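Trainee: generate a structure from the sequence data that follows.
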Amino acid sequence: MKHRIGIAARLAIGLAVVLGPASCGKGVHERTVPLHMSGYAFNDSNPTLSFRTGERVRFVLTNDETTMIRHNFRIVGLGVRCDYELGPREGRLVAVTMPDTPGVFPYDCCTHQGMGGIILVTRR
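Mentor: Have a look, this model is predicted:
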């Protein structure tokens, strides 16, 4: 139950996305990024996601499937592991602070090979 995200929370998160990144002191930005999982893709196309070093990111994961297909999420090299599968219409919030060193980090669904993209972290 603690991993589900209600409609009101999704609307609030959507508003935060529309308003864009907020400054969090010392030049660090915090951003909310929705990731919808359906078929074998995140956001229909497994996009490359770009962030700055030290940026705080809240990934809002939603399994948009209506059948019993389960998905999960990990970011290789950033400590985000596939420890929880999302059932149909379930959601989860994953907060990550991007590393201080630029790099490329794959993200994927551990259950479905080929479902994933890359996170590009550049110097701020």
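Trainee: can you list the weak-confidence ranges in the chain?
Mentor: Residue ranges of the chain with pLDDT under 70: 1-28.
Trainee: which stretches of it form helices?
Mentor: 7-19 (DSSP state H).
Trainee: how close does the residue nearest the centre of it get to Phe51?
Mentor: In the chain, the C-alpha nearest the mean C-alpha coordinate belongs to Phe59, at 3.0 Å (CA atoms, centre = their mean). Remark: distance between Phe59 and Phe51 (CB to CB, to the nearest Å) = 11 Å. For every residue, glycine as well, the C-beta is placed using N, CA and C.
Trainee: give me the number of residues near the nearest residue to Ile69 once chain neighbours are set aside?
Mentor: The shortest distance from Ile69 to any non-neighbouring residue, by CB to CB, 6 or more residues apart in numbering, is to Pro88 (6.8 Å). By the other CB atoms under 10 Å criterion, the neighbourhood of Pro88 contains 13 residues.
Trainee: wait, what's in contact with Pro88?
Mentor: Residues in contact with Pro88 (CB atoms under 8 Å, 6 or more residues apart in numbering) are Asn63, Glu65, Thr66, Thr67, Met68, Ile69, Arg70.
Trainee: who wins for most neighbours among those?
Mentor: Counting by other CB under 10 Å, top hit in those: Asn63 with 22 neighbours.
Trainee: is it correct that that one is in contact with Phe73?
Mentor: No: the criterion here is CB atoms under 8 Å, and Asn63 misses it with Phe73 at 9.8 Å.
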